[in-house]
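>>> coordinates for the following, if possible.
(4 chains)
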2 protein chains.
Amino acid sequence: MGLADIALLRWPEEASRREALAADRVPRLLLLDDGISPPSAVDCLEDWVRVGAREEELRARVAGIERRAAAHHQNLPDIDDDGVLRFGARWVSLPPVEARLARALVERFGAVVSRDALSAAGWPAGTSGRNALDVHILRLRRRLSTAGLVIRTVRSRGYLLEQARPPSLLAHA
Amino acid sequence: MGLADIALLRWPEEASRREALAADRVPRLLLLDDGISPPSAVDCLEDWVRVGAREEELRARVAGIERRAAAHHQNLPDIDDDGVLRFGARWVSLPPVEARLARALVERFGAVVSRDALSAAGWPAGTSGRNALDVHILRLRRRLSTAGLVIRTVRSRGYLLEQARPPSLLAHA
DNA sequence: CGAGATGTTTCCTCCCGGTGATAAATCCGG
DNA sequence: CCGGATTTATCACCGGGAGGAAACATCTCG
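From the prediction side, this is the model:
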């Protein structure tokens, strides 16, 4: 715990690093140069302080980010090294290949993961047949459905993992 | 879109008011008395500054809250590079051509985009049939409707993207 | 041996983008 | 107010391609 989980970086010098961190959903604290205004596109896992800020302010900002990160994190699926995926109260055990695929999808939970990325994740050693990925996605789908998760297809782009929608949300369009 | 939408309050004096605002999901900025540490239970719609803070800092904090509030209230659509358009809690995946059209419309959200501009955006490489744009607008309309967005026609001028239900703030007070 | 994991082949469905045809909607001159 | 001209909306259809799924063949490990 502590500052370890949060990335500290200078703004605007490390703008590109910030983008990378944001894409990976890593909580981060920007150290703002004097006279510079904070960046505009922010998510809840980002905050900023002036470089000259006092120690306490910095700690307080970090603590705030950590709390929000924790709040965000608790409804994310999680896979351990034994291929057991937990989501809320439910869990499924996944065979090796599917566990690797699931890991790649969980890392970008809610965002699109390309087929190439999934192939690389599922078969790190080498190539597999053209359809292997499709079939494993199908099998993974069936397993994950029992855990309240859904894999959506984004045609010609990849797949996206999200929480299965309770029918109540669709009811009143 | 000034300070009007955000509640300013003192901490810890107005602790109870803060609770009420949080319960109503009203974005708020706490003005922290000196030597006091910020409260612990925060959501993404809350931020804080020291009472002695400079004008600019205050403005920047407010702007940050507003952006997060907008993102949470889903007031601005957003398209990522994978053709996924997000609007509030909902999202649609768009095929390439429609994604490009949608990008052009989102860039000028709420304003008219000419047909020429849309043609250029949708088919950057070259020509398309005269009817192609109409048909793709139709298809885009159907998709976006599931995300709570509407494309309005401005005859002989172009199209305009806006939120489906103009939320009548007075309607259900 | 038997069950589950993994790959492959194959077939089939649906989606995407484009076109033409046709119905509406709107504008304009008389 | 009418009828034609222009602009939009919607539909049906096609060709190509991507994804879904069943069936089958190995393979591994207890």
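
>>> A:Val92 and A:Leu140, how far apart?
Here the criterion is Cβ to Cβ, to the nearest Å. By it, A:Val92 lies 10 Å from A:Leu140. In this view, the C-beta of every residue, glycine as well, is placed from N, C-alpha and C.

>>> between the two, who's got more neighbours?
A:Leu140 (26 against 23; other Cβ atoms under 10 Å in any protein chain shown).

>>> who's in contact with the closest residue in space to A:Ser93 that isn't next to it in sequence?
Once flanking residues are discounted, A:Ser93 sits nearest to A:Val84: 5.1 Å by Cβ to Cβ, 6 or more residues apart in numbering or on different chains. Residues in contact with A:Val84 (Cβ atoms under 8 Å, 6 or more residues apart in numbering or on different chains) are A:91-94.

>>> weed out the non-buried ones from these.
Buried by 16 or more other Cβ atoms under 10 Å in any protein chain shown: A:91-92, A:94, out of the contacts of A:Val84.

>>> ranges for the strands of chain A?
Counting by DSSP state E, chain A has strands at residues A:7-11, A:28-32, A:46-50, A:78-79, A:84-87, A:90-93, A:112-113, A:149-154, A:158-163.

>>> which one of those strands lies nearest to DNA strand C?
strand A:90-93 (7.1 Å; Cβ to the nearest atom of the strand).

>>> just checking, what packs against the closest one?
Helices and strands touching strand A:90-93, by 3 or more Cβ pairs under 8 Å, 6 or more residues apart in numbering or on different chains; DSSP states H and E, are strand A:84-87.

>>> now for chain A, the helix or strand with the poorest mean pLDDT.
Lowest on mean pLDDT, DSSP states H and E among the helices and strands of chain A sits helix A:167-171, with a mean of 40.

>>> let's have the buried ones among the contacts of A:Val84 in a markdown table, adding distance to DNA strand D and pLDDT.
Listed next are those as a markdown table, based on distance: Cβ to the nearest atom of the strand, whole Å; pLDDT from 0 to 100:
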| residue | distance to DNA strand D | pLDDT |
| --- | --- | --- |
| A:Trp91 | 22 | 94 |
| A:Val92 | 17 | 95 |
| A:Leu94 | 16 | 96 |
